[in-house]
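S.K.: Show me the folded form of this:
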Amino acid sequence: MFQKILIANRGEIAIRIIRACRELNIASVAIYSEADRNSLHVKYADEAICVGPAHSNRSYLDIPNILSAAVISGADAIHPGYGYLSERADFAEICESHGLTFIGPTADQIEKMGNKSLAKKTMAAAGLPVIPGSDGPVTSVDELVMIADEIGYPVIIKASAGGGGKGMRLVHNHAQLVQAFQLAQAEAEASFGNADVYLEKFIENPRHIEVQILADNYGNVVHLGERECSLQRRHQKILEESPSPIVDEKLRKKMGAMAVKGAKHVDYRNAGTIEFLVDEESNFYFMEMNTRIQVEHPVTEAVYGIDLIKEQIRLAAGDELGYEQKDIIAYGHAIECRINAEDPENGFLPSPGMITKFHAPGGLGVRWDSFVYSGQEITPFYDSMFGKLICWGIDRNEAIERSIGALEELEIEGIKTNKEFHLWILQHDEFRRGNYSTNFIEREIAKQKIVKK
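M.R.: Numbering: from 1, shown residues only. A predicted model of the protein is given here:
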């Protein structure tokens, strides 16, 4: 087992990893930017090293500074968390070349799955169902038009190296196609340094369902059910739940088996997520694979009782999985609300500032993952998410009611948050019926049905 782990991240995920390290009796090293000097992850870690100024590209994305911190501290492994360097194949490779274990998959696996068009091609070869579309990046307008005409409109153009909705364009007819193609290429190049885009048939009113997998270095792979991630705004997830209200046991086993099959096909190791789109007839299609821990991993932990961060560390250290699919049993229902420093009544604009009052909710089945406290400043330099509220219940209805109660207990003053927006979602009739898709939030916002504060 490792003696010391450097955490190449910040905020709540850094604290989450620190806690796992403590339980495994592993020393932790935090890195921080000058803007995060007073952040809780700095205080909770056994050691903390400043790696640069506020801007991420000079601190949390500065590979030489992070590697220097690892060497200076004597760390023998690096956990990247999510975001930042977590899906950078070059970072994983550099860690290994410096004698540091990268807690995640191999550089080759990150590279192969990080390119979405290549990942789609790879998983199709493994036998997973994929959305009809181009076989890799589209290289010319003629090819684009030919494929779009063949699969039929609407179609969607996506960045091969993309994520978070960048480099993505929905096209309803032939007249929009070429301009959308050029705009997607330009945005992909600006966002990812890679202008490659691919084309897919657009699935109407889809559900975004992801399957958590764990794999050791010896070919053993299991899945831990699914997470429902359809509640999104501008392709960014807002609220997740497990299990999905539309997935029955038959579909769960089928999707889980396909996720395991895909992971085995690429000899995957450590934690990962296979993401599917599910249409209105319950047909599912491989969308992408995330080669890291997910923001929403706590809902899986709550339902399956398995600490995914500790499993990541254990598997990276060379331990065998130690259990089989039949040993993994779900119990109850969990919901995660991402709490952001933003103003829903003003176009969801970021709301940095000083937190003047803070009180975290509690009680049976309530978990609050965050890095904030009263008197802390939320700076404008990083993602607006500063907390995750995870509530477990014996069934979905109890999880919903518990989430509502916990949100009402949550007190945050000094900044705007999306707390009331979550309350609006949880009390919406369609959400309570489990009747929603990835366009639910945009559609309801357009109807101006959001409850005012």
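S.K.: does the residue nearest the centre of the chain count as helix, strand or coil?
M.R.: Nearest residue to the geometric centre of the chain (Cα atoms, centre = their mean): Q294, 3.7 Å. Secondary structure of Q294, reduced to three states by DSSP: H, G, I helix; E, B strand; the rest coil: coil.
S.K.: ok, now how distant is it from G83?
M.R.: For Q294, the distance to G83 (Cβ to Cβ, to the nearest Å) stands at 11 Å. Bear in mind the C-beta positions are built from the backbone N, C-alpha and C, glycine included.
S.K.: Okay, now the sheet partners of the longest strand along the chain, with direction.
M.R.: Looking across the chain with DSSP state E, the single longest strand is strand 221-233. If you go by DSSP bridges, strand 221-233 pairs up with strand 207-215 (antiparallel), strand 236-242 (antiparallel).
S.K.: what's the offset of that strand from the middle of its chain?
M.R.: 10 Å (Cα atoms, centre = their mean, to the nearest Å).
S.K.: one step back: tell me the contacts of the residue nearest to the centre of the chain?
M.R.: 82, 210, 212, 227, 273 (Cβ atoms under 8 Å, 6 or more residues apart in numbering).
S.K.: For the residue nearest to E210 when sequence neighbours are not counted, which three-state class applies?
M.R.: In this structure, E210 finds its nearest non-sequential neighbour in E275, 4.4 Å apart by Cβ to Cβ, 6 or more residues apart in numbering. Look at E275: counting by three-state DSSP, its state is strand.
S.K.: What separation do you get for E275 and D149?
M.R.: For E275 relative to D149 (Cβ to Cβ), the value is 28 Å.
S.K.: okay, these two: which has more neighbours?
M.R.: E275 (18 against 12; other Cβ atoms under 10 Å).
S.K.: Mind listing the residues bridging to the more buried one?
M.R.: Under the criterion used (DSSP bridges), E275 bridges to E210, E288.
S.K.: That one is in contact with E288, isn't it?
M.R.: Yes - between E275 and E288 there is a contact under Cβ atoms under 8 Å: 5.1 Å.
S.K.: in the stretch 101-250 of the chain, which ranges drop under the pLDDT threshold?
M.R.: 164 (pLDDT under 70).
S.K.: Next, find the distance separating I18 from T273.
M.R.: Relative to T273, I18 is positioned 23 Å away (Cβ to Cβ).
S.K.: any idea how far L239 lies from I378?
M.R.: Taken as Cβ to Cβ, the span from L239 to I378 is 21 Å.
S.K.: cool, and L308?
M.R.: Taking Cβ to Cβ, one finds L308 at 27 Å from I378.
S.K.: D149 now?
M.R.: For D149 relative to I378 (Cβ to Cβ), the value is 49 Å.
S.K.: now N220
M.R.: From N220 to I378 the distance is 42 Å (Cβ to Cβ).
S.K.: Of these two, give the one with the bigger neighbour count.
M.R.: I378 (22 against 18).
S.K.: contacting residues for that one?
M.R.: 341, 351-355, 372, 384, 386, 415.
S.K.: make it 10 Å
M.R.: Applying Cβ atoms under 10 Å, 6 or more residues apart in numbering to I378 gives the contacts 340-341, 350-355, 371-372, 384, 386, 412, 414-415, 417.
S.K.: Show the buried residues in the residues you listed.
M.R.: Buried by 16 or more other Cβ atoms under 10 Å: 340-341, 350-351, 355, 371-372, 384, 386, 412, 414-415, 417, out of the contacts of I378.
S.K.: Now, those that are in strands?
M.R.: Among these, the ones falling in strands (DSSP E) are 340, 350, 386, 412.
S.K.: Could I get the pLDDT score of the residue nearest to the second one when sequence neighbours are not counted?
M.R.: Distances taken as Cβ to Cβ, 6+ apart place S384 nearest to P350, at 5.0 Å, with adjacent residues excluded. Predicted confidence (pLDDT) for S384: 95.
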